[in-house]
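Participant: Sequence below, structure please.
(2 chains)
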Amino acid sequence: MSAGTAKLNVTVAEVKPINDLVTRFKFVRTGGGSLPTFSGGAHTVVEMQDGDITRLNAYSLMSNPADRGAYTISVRRDDQGRGGSKFMHTQVKEGMEMVISNPVNLFSLDLRAKKHLMLAGGIGITPFMAQMHQLSMMGGHFELHYSVRTASLGTYAKELTEHYPGRVHVYHDDQKEAIDLKTLLANQPLGTHVYVCGPKGMINWVHGTAEEMGWPREAVHSEEFLAPASGKPFEVKCAVSNKIVQVGEHQSLLEALEAAGIDAPYLCRGGACGQCETNVIGYDGKFLHYDHWLTDEQKAGGKHIMPCVSRFEGKTLVLDR
Amino acid sequence: MTIQFNDETFYGDFTFKNSDWAIKRFPFPFHEDSYMYSVNMEPHKSYRPGSVFERTFDVDEHYVSEMKDRARVLANDPLRCQSLPHMTLAGWDLVELIMEAKAAEYPDLFELHKDGNRWRWINKPLGIDDTFTFLDESTLPYGPMEYITRQTQGDFAVLDQRDDNLWMDAGMVTTQADWSLDFDIGMNFFEWHAPVPKAHEMGIFVRALKFLLNIQQGQPARRLNWTMTVNPLLDTSPENYHKWGVMKQGLTMENIGEKQHLRVELQTFFRLPRSNALVFPIRCYLISFNDLVTVPKWARRLHRVIRDLPEELATYKGFIDNRPLMVEWLSQFDDGSPTSDGIWPDDD
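Facilitator: Here you go, the predicted structure:
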């Protein structure tokens, strides 16, 4: 199988700033026609041609999954990031043609749930917007608890509160409001599933608290895409393709492999899905594992690396690619 | 070309037959002179016009009679079709997938007209013309999965995806090679594959599951699997083993060519968009040994594969007792000359 997913050619139909940090983008199919349906929680990988560099970033689809006329995503500008979100904010204009992937869902609803309890932090709200569309169409039972920094940075908080009265609860950090997680979890009906999307700290807090309170692991779902970390440049030998690849300071190992013309598999590009897992043939140095995929044992074992987010420091690294 | 549909039976008097066209396009499963398990997946893309790989859902001369056979089996045993409550949305996904594909790929046989969520579906071979509301179960005579799979050849396992595993939570299973939906319903991928010998030790299932979990929308995959069936029985279920198991006895050098059939499954895998479930259609093709040996390459190769197959596999596939007779009969058609690579007949 070749890398990634089937591609869609789209045109940017709307670029709408939502607040100081977040801009919304609407894509329609180039030349008309409908886009594939998707399930709430799915993301798309947006390809950005930024000069010589091709950037590929995953963004959750937030529009109604039943609406095949357009997809929408929201992008939070990350000034410390490697440039993908800055490119979206500064370079992408209405009418521009872009390439995105078919929808991929790594954060799907468990449709057996009697109730869906959603916990969002900041821009982590976006997958829930599609899920709420889907659940309200199916008559599903859901409740959203949404933590934002300030009212003005509370992306879509007002719309959601109006649209789903009684089912959306917003918490403002600057007003010292916080989700009372223990009480919330203690008062859920049997058969409730919990979903969390937000910063790493929030995800760990929800998993940890739920585990302490005896929630089954299978009833707690999370999604966190990591942005690849920058780091010291390093060199990789690729045994199968017989190439030596230099990985730059602000480049991920996966991006460096792709730039060298090596067909490396991927899906999420954020350390979550496992698709890019690569065997290590030999090394002399230290791995910097940043993914959520490998077990601690595997990370210590030195036989596997997830090139989408993880890095290496040392003399030699030989990969089975 | 409009297909001429056979009027035939898969039980009782067994009038099933393959035309020359059906023999020529038979999905012979052996690409070399030996066989061992592998995760032999490839993208389910249109390939080789006229072959069973050309269309998303292949329709052939057996279509109408196979659907009659399915209705007969369901009337006797309604538990061949089951869908756990959370799988209804996946059933609608399947309705959409099959209707859109068949209407686009067989416009002379099937039509789909949409007015928003109001859909009109015309199935000419089966004489069906229904109008219904998409996603509204009350507007169909059956649940969505049952409705569309009563009109589509092959068994269907609809698998929910959660907890990094696949779960057999819905299906329509009337043409199976000795497995039971009623037994497997609710099981996960490792549980329902537990009876398969050797493959677990080979790590086949861990790799296969990883591949399947990553199947994406718009990128279906396929593989072939095979076994042996005496008489052209579509329904070789454990529930009816007392009826068909005995048929494996009484093969002779005189009747084996007519009675013994190679049974091939074209297995495909599609990600379903709304439910994020995976649908696994398992389409069964049967060919008698007499018809199969009309292709010299297939005759030579089948002889070698059956002769050399590991004993566990011949036992698991249920023909260990008849293997010596099969090998003896097939050996008449194997002069020892080499066979070309790949599954297709040699050009004349």
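
Participant: is the helix or strand of chain A with the lowest mean pLDDT anywhere near chain B?
Facilitator: Taking mean pLDDT, DSSP states H and E as the measure, the helices and strands of chain A show their lowest mean at strand A:53-60, namely a mean of 88. No - using CB under 8 Å from any CB of the partner chain, strand A:53-60 stays clear of chain B, coming no nearer than 13.0 Å. Every residue, glycine included, has its C-beta placed from N, CA and C.

Participant: Tell me the strands beside that strand, with direction?
Facilitator: Strand A:53-60 has the following sheet partners, assigned by DSSP bridges: strand A:42-50 (antiparallel).

Participant: any residues touching the partner strand, and which ones?
Facilitator: The list of residues contacting strand A:42-50 from outside it, by CB atoms under 8 Å, 6 or more residues apart in numbering or on different chains, reads A:4-5, A:7-8, A:54-61, A:65, A:71, A:73, A:83-84, A:87-88, A:91-92, A:98-108, A:127, A:130, A:225, A:267-269, B:276.

Participant: separation between A:Glu47 and chain B?
Facilitator: Separation of A:Glu47 from chain B (CB to the nearest CB, to the nearest Å) stands at 16 Å.

Participant: Now the terminal residues of stretch A:50-65, how far apart.
Facilitator: 29 Å (CA to CA, to the nearest Å).

Participant: ok, now stretch B:137-150?
Facilitator: For stretch B:137-150, the first-to-last residue distance is 16 Å (CA to CA).

Participant: for stretch A:239-248, same thing?
Facilitator: According to CA to CA, stretch A:239-248 extends 20 Å from its N-terminal end residue to its C-terminal end residue.

Participant: and what of stretch A:129-149?
Facilitator: Span of stretch A:129-149 from end to end, CA to CA: 19 Å.

Participant: how far is it from where the chain is centred?
Facilitator: Computed by CA atoms, centre = their mean, to the nearest Å, the chain-centroid distance of stretch A:129-149 equals 18 Å.

Participant: Run the contact check for it versus chain B.
Facilitator: Yes - contact between stretch A:129-149 and chain B is present through A:Gln134, A:Met137, A:Met138 (criterion: CB under 8 Å from any CB).

Participant: ok so the first one is a helix residue?
Facilitator: Yes - assessed by DSSP: H, G, I helix; E, B strand; the rest coil, A:Gln134 belongs to a helix.

Participant: So what's the residue count around the residue lying closest to it once chain neighbours are set aside?
Facilitator: Across the structure, with CB to CB, 6 or more residues apart in numbering or on different chains as the measure, the residue nearest A:Gln134 apart from its sequence neighbours is A:Gly40 (4.0 Å). Look at A:Gly40: counted by other CB atoms under 10 Å in any protein chain shown, it has 29 neighbours.

Participant: right, and A:Gly40 touches A:Ser108 too?
Facilitator: Yes - if you go by CB atoms under 8 Å, A:Gly40 and A:Ser108 touch, sitting 7.4 Å apart.

Participant: What ranges does the stretch 101-250 of chain A have for its helices?
Facilitator: Along the stretch 101-250 of chain A, the segments classed as helices by DSSP state H, counting those that start in this stretch run A:126-138, A:157-163, A:181-186, A:200-212.

Participant: Would you mind finding the most buried of the ones you listed?
Facilitator: Per-residue neighbour counts averaged over each of the helices of the stretch 101-250 of chain A give the maximum for helix A:126-138, namely a mean of 23 (mean count of other CB atoms under 10 Å in any protein chain shown).

Participant: So what touches that one?
Facilitator: A:38-43, A:59-66, A:73-74, A:107, A:109, A:116, A:118, A:120, A:140-142, A:144, A:156, A:160, A:164, A:195, A:197, A:223, B:89, B:135, B:274.

Participant: Quick one: mean pLDDT over it.
Facilitator: Averaged across helix A:126-138, pLDDT comes to 96.

Participant: now that helix and strand A:53-60, what's the angle there?
Facilitator: Between helix A:126-138 and strand A:53-60, the angle comes out at 40 degrees (axes from the mean of the first three to the mean of the last three CA atoms, to 10 degrees).

Participant: Tell me how far helix A:126-138 lies from the chain's centre.
Facilitator: Between the mean C-alpha point of helix A:126-138 and the mean C-alpha point of its chain there is a distance of 17 Å (CA atoms, centre = their mean).

Participant: cool, stretch B:308-322 as well?
Facilitator: Per CA atoms, centre = their mean, the displacement of stretch B:308-322 from the mean C-alpha position of its chain is 20 Å.

Participant: Send me it as CSV with only the CA atoms.
Facilitator: Extracted in CSV, the C-alpha atoms of stretch B:308-322 (Å, rounded to 0.1, in the frame of the first residue of the first chain):
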residue,chain,number,x,y,z
ASP,B,308,1.2,-31.1,-1.1
LEU,B,309,-1.1,-29.2,1.3
PRO,B,310,-0.1,-29.5,5.0
GLU,B,311,-2.2,-32.1,6.8
GLU,B,312,-3.6,-29.5,9.3
LEU,B,313,-4.9,-27.4,6.5
ALA,B,314,-6.6,-30.3,4.7
THR,B,315,-8.2,-31.3,8.0
TYR,B,316,-9.3,-27.7,8.9
LYS,B,317,-10.8,-27.3,5.4
GLY,B,318,-12.7,-30.5,5.9
PHE,B,319,-11.4,-32.7,3.0
ILE,B,320,-8.7,-34.8,4.6
ASP,B,321,-10.7,-38.0,4.0
ASN,B,322,-11.3,-37.3,0.4
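
Participant: quick one: low-confidence parts of the chain?
Facilitator: Chain wasn't specified; assuming chain A. In the predicted model of chain A, residues A:1-5, A:225 satisfy pLDDT under 70.

Participant: The chain in question should be chain B.
Facilitator: Using pLDDT under 70, the flagged stretches of chain B are B:1, B:39, B:348.

Participant: center of it - which residue?
Facilitator: For chain B, the residue whose C-alpha lies nearest the mean C-alpha position (CA atoms, centre = their mean) is B:Arg283; its distance is 1.9 Å.

Participant: What residues does that residue make contact with?
Facilitator: When contacts are counted by CB under 8 Å, 6+ apart, B:Arg283 is found next to B:Val52, B:Asp58, B:Gln153, B:Gly154, B:Asp155, B:Glu265, B:Leu266, B:Gln267, B:Thr268.

Participant: on that earlier part again, now the contacts of strand A:42-50: which count as buried?
Facilitator: Judged by neighbour count, with 16 or more other CB atoms under 10 Å in any protein chain shown as the criterion, the buried members of those are A:4-5, A:8, A:55-61, A:65, A:71, A:73, A:83-84, A:87-88, A:92, A:98-108, A:127, A:130, A:225, A:267-269, B:276.

Participant: Setting the sequence-adjacent residues aside, check what's closest to the residue in the stretch 151-300 of chain A positioned nearest to chain B.
Facilitator: Going by CB to the nearest CB, chain B is nearest to A:Glu218 of the stretch 151-300 of chain A, at 5.0 Å. If you skip the residues right next to it in sequence, A:Glu218 has B:Asp163 as its closest partner in space, 5.0 Å away by CB to CB, 6+ apart.

Participant: With B:Lys210 instead?
Facilitator: Closest residue to B:Lys210 in three dimensions, ignoring its sequence neighbours and counting by CB to CB, 6+ apart: A:Gly274, at 7.4 Å.

Participant: So the one you found sits against A:Cys308, correct?
Facilitator: No - the pair A:Gly274 and A:Cys308 does not pass the contact test of CB under 8 Å, sitting 10.1 Å apart.

Participant: Quickly find the element holding B:Gly318.
Facilitator: Following DSSP states H and E, one finds B:Gly318 outside all helices and strands.
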